[in-house]
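Engineer: just to be clear, the model below is a prediction. Sequence and coordinates:
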Amino acid sequence: MRRQRRGRPRKLAPPRAALKLLDSLTQPVFIENRHFDVLASNSLMRAVDPRLFVGGNQLRDMFLDPAGQALYPEWACATECLVANLRQAVGIDVDDPRFIELTGELTLASARFRKLWARHEVRGQTGGVMRFDHPQVGELTLNRERMSVAGTDGLMLVVFHPDVDSIDADKLALLASVTTPAPVAAHEIRKHA
């Protein structure tokens, strides 16, 4: 089977409808591409993990940033999953310039990445439970759901949510209260319009 040849890498912006959905959700949420670049995130997601900002890359954070590693008590398991999912997401498109750049950088900079990459493990990420050791609220356990964004080349909407009526729901509400700007009254909007 012949591999695809690519020209310059293209940046994929999330569709407007996906961005509207992201903005409407009250849970931590972000949109990623197949290289784990963060293309959009809401303020609550950035309160849970400050590295999930537009332009960030989860692989770099998990392998190269000690603060990013400290946030995830199950870091070893998370890195295994990320590397196996990267192989699946890229598939046979190994000439993809972004893929080459990212794997080259991580191979040179991280012994852990080199070890996992050498396994040649291929597996997709699924929904699951993520645990955080959050500097403000302590242990935080959230459910993670990954959903394909229709009409895109591998974009995923990733939503975190706590179990209902749990201590984690209370902790997430506390984070939301300190990160969400206070609503502006309608009469204040009209006054400035």
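Structural biologist: Looks like it came in fine. Values in this document were obtained by computation on a predicted structure and should not be read as measured data.
Engineer: my guess is residue 13 contacts residue 31. True?
Structural biologist: No: contact criterion C-beta atoms under 8 Å: residue 13 and residue 31 do not qualify, at 9.6 Å. Quick note: C-beta positions are derived from backbone N, CA and C, even for glycine.
Engineer: common neighbours of those two, please.
Structural biologist: Residues touching both residue 13 and residue 31 (C-beta atoms under 8 Å, 6 or more residues apart in numbering) are residue 39.
Engineer: which of the two has more neighbours?
Structural biologist: residue 31 (26 against 14; other C-beta atoms under 10 Å).
Engineer: give me the buried positions along stretch 64-73.
Structural biologist: For stretch 64-73, a neighbour-count test (16 or more other C-beta atoms under 10 Å) marks 64, 68, 69, 71, 72 as buried.
Engineer: end-to-end on that stretch?
Structural biologist: 16 Å (C-alpha to C-alpha, to the nearest Å).
Engineer: contacting residues around residue 134?
Structural biologist: 48, 71, 140, 171, 175 are the contacts of residue 134 under C-beta under 8 Å, 6+ apart.
Engineer: rewinding a little: I'd like the buried residues of stretch 64-73 written out as JSON lines, with pLDDT and secondary structure added.
Structural biologist: Below are the buried residues of stretch 64-73 laid out as JSON lines (pLDDT from 0 to 100; DSSP: H, G, I helix; E, B strand; the rest coil):
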{"residue": "64", "pLDDT": "95", "secondary structure": "helix"}
{"residue": "68", "pLDDT": "87", "secondary structure": "helix"}
{"residue": "69", "pLDDT": "92", "secondary structure": "helix"}
{"residue": "71", "pLDDT": "95", "secondary structure": "helix"}
{"residue": "72", "pLDDT": "95", "secondary structure": "coil"}
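Engineer: quick revisit: so which of the contacts of residue 134 belong to strands?
Structural biologist: residue 140 (DSSP state E).
Engineer: could you identify the most distant pair in the contacts of residue 134?
Structural biologist: 71 and 171 (14.1 Å; C-beta to C-beta).
Engineer: count the neighbours of residue 172 for me.
Structural biologist: If you count neighbours by other C-beta under 10 Å, residue 172 ends up with 24.
Engineer: out of everything not next to it in sequence, what's closest to it?
Structural biologist: residue 162 (5.2 Å; C-beta to C-beta, 6 or more residues apart in numbering).
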